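Peer 1: Here's a sequence, model it:
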Amino acid sequence: MRTIWLDGAEWLAVLRIGLGLWWLESWRHKDKKGWFERGTGIAWAAGVAEKHRWPVVRGGFERIVAPRPKAMAYVVVYAELALGLGLVTGLLTPVALIAGLLLNLLYLVLMVHDWAEQGQNAMMALSSLVALFAMSWQTWSLDHAIGLFL
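Peer 2: Numbers count the residues shown, from 1 in each chain. The predicted structure is shown next:
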């Protein structure tokens, strides 16, 4: 493989780190007080789920998220932080990539009507797949430094 400036493994690490920074930005810009004290994030998602064209999304939200809005707010917000930290540092990278892919797919399905969100979630999911299948933790990662997932 011929590349410019960095080698292929290093470019894959750049992709992984960039994806991690994207997750960290998603976490950083959230109004945590609104999410945790006023329940704004889950209330917004409830409104989206309520009008969703697919009954499975409405039912799933009602069964899983609606009964525990406070806990789910913490799960969403801190999942984004954990994903970002894991990908930037390269710690438990395959776990973070799979979890991020699943979270992006959940976001994609929930927000199927919002074209702006679809693009972001689709690109993050694609980046996760590429970084996972190319084993992007082989360079510039704690996983590589400590010998995990060789």
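Peer 1: residue closest to the middle of this structure?
Peer 2: G100 (3.5 Å; C-alpha atoms, centre = their mean).
Peer 1: quick one: pLDDT of that one?
Peer 2: pLDDT, G100: 98.
Peer 1: do the one 3 residues further on as well
Peer 2: Each residue has a pLDDT score; the one for L103 is 97.
Peer 1: Thought A79 was touching it, still the case?
Peer 2: Yes - using C-beta atoms under 8 Å, L103 is in contact with A79, at 6.2 Å. Placement of C-beta: from N, CA and C, glycine included.
Peer 1: So these two - more neighbours on which side?
Peer 2: Higher neighbour count among L103 and A79: L103, with 21 against 17, using other C-beta atoms under 10 Å.
Peer 1: quick one, what contacts the more buried one?
Peer 2: Counting by C-beta atoms under 8 Å, 6 or more residues apart in numbering, L103 makes contact with 79-80, 83.
Peer 1: Now, the residues you listed that are in helices?
Peer 2: 79-80, 83 (DSSP state H).
Peer 1: about what we covered before: how much space between the residue nearest to the centre of the chain and N121?
Peer 2: Distance, G100 to N121, by C-beta to C-beta, to the nearest Å: 10 Å.
Peer 1: same question, R58
Peer 2: Distance from R58 to N121, by C-beta to C-beta: 19 Å.
Peer 1: do R68 as well
Peer 2: Applying C-beta to C-beta to R68 and N121 gives a distance of 23 Å.
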